[in-house]
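**Student:** Next input, structure requested:
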Amino acid sequence: MKMESPYILDGKNILVTGASSGIGKAIAVACSNMGATLFITARNEDRLNETLSLLPGSDNRMIIADIEKESDRTKLIEELPQLDGIIHNAGIGNRVLCKNITESDLNEVFDINVKAPILLQTLLLQKKRVNKNASIVFIASRAASFPSAGNAIYSASKGAIISYAKCLGLELAPRKMRVNCICPAMVKTAFADKSGIGEDILNELKDKYPLKRVGEPKDVANLAVYLLSDASEWMTGSCIDITGGGEGTLL
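**Tutor:** Below is the predicted model of the structure:
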């Protein structure tokens, strides 16, 4: 008799923010392929629609929202069902040397990387949109632990979200809700390109990783599937590094 895989996500409703590209897009596709019903959100309608077109089945939905805005968060919550999984992925970077950091720089990164996911998660809990036994995953970064010049604001924002996630995990444990973080090293995405890390830099960087390549969005997506599945039901409060063996390598 063939046993059912604990990694299957059949019957689970999963929300992915920042699902229009990169890691968020890959996670949405991977979860859908494992049987989940996806609720994907981002600001760019055309790119989000492209993600939706890659998801098998007809029950998946896209919801255009800028989660930095209170009105959009409220609208998003109203359109969501009860959720079994949440991926907080939306985020940005901004490379500025410490001596040049302005309040505007801080607000730009912290508003989307820290304030938006925290306030969205608060609303999800207040409006009782999260099922018992649900899994909540934050896409953090190795940058929280390994510094690089010009990356202070981004690193600090990911350190903040990791600390928040650990507290959230403690508070939700009595309801069997799990909260974990994924901390990737360098992953090849449009996000990296916008941060000034082009193909030439990635080619140089890959040789610093023992596995001789930087990460791909699918690498993070496969780990996300595990954390959303019943296979990880005894895991909460964890930050999982995914680094290709390059423990201190980022950029």
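
**Student:** now the strands for the chain?
**Tutor:** 13-17, 37-42, 61-64, 83-88, 130-139, 178-184, 239-242 (DSSP state E).

**Student:** Out of those strands, which one sits most buried?
**Tutor:** strand 13-17 (a mean of 27; mean count of other Cβ atoms under 10 Å). For every residue, glycine as well, the C-beta is placed using N, CA and C.

**Student:** who does that strand touch, helix- and strand-wise?
**Tutor:** helix 22-33, strand 37-42, strand 83-88 (3 or more Cβ pairs under 8 Å, 6 or more residues apart in numbering; DSSP states H and E).

**Student:** Can I get those in TSV including distance to Asn100 and mean pLDDT?
**Tutor:** As requested, the helices and strands packed on strand 13-17 are exported to TSV (distance: least, Cβ to Cβ, whole Å; pLDDT from 0 to 100):
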stretch	distance to Asn100	mean pLDDT
helix 22-33	27	98
strand 37-42	30	98
strand 83-88	29	98
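
**Student:** Gly245 contacts Tyr209, doesn't it?
**Tutor:** Yes: shown here, Gly245 and Tyr209 form a contact pair, counting by Cβ atoms under 8 Å, at 6.0 Å.

**Student:** and the two? which has more neighbours close in?
**Tutor:** More crowded of Gly245 and Tyr209, by other Cβ atoms under 10 Å: Tyr209, with 18 against 11.

**Student:** Surely Arg213 touches Lys206?
**Tutor:** Yes: using Cβ under 8 Å, Arg213 is in contact with Lys206, at 4.9 Å.

**Student:** related to what we said a few turns ago, out of the helices and strands packed on strand 13-17, nearest to Ala185?
**Tutor:** helix 22-33 (12.6 Å; Cβ to Cβ).

**Student:** ok, now which ones touch the residue nearest the centre of the chain?
**Tutor:** The residue lying closest to the centre of the chain (Cα atoms, centre = their mean) is Asn89, at 2.6 Å. Contact analysis of Asn89 by Cβ atoms under 8 Å, 6 or more residues apart in numbering lists Val16, Thr17, Gly18, Ala19, Ile23, Gly24, Ile27, Ile139.

**Student:** right, and the second one touches Gln121 too?
**Tutor:** It refers to Thr17. No: the criterion here is Cβ under 8 Å, and Thr17 misses it with Gln121 at 10.3 Å.

**Student:** Give me the common contacts of those two.
**Tutor:** His88.

**Student:** Tell me the spacing between the residue nearest to Lys25 when sequence neighbours are not counted and Ala42.
**Tutor:** Leaving aside its sequence neighbours, Lys25 sits nearest to Thr51 (Cβ to Cβ, 6 or more residues apart in numbering; 4.8 Å). When distance is defined by Cβ to Cβ, to the nearest Å, Thr51 is 8 Å away from Ala42.

**Student:** Much appreciated, bye for now.
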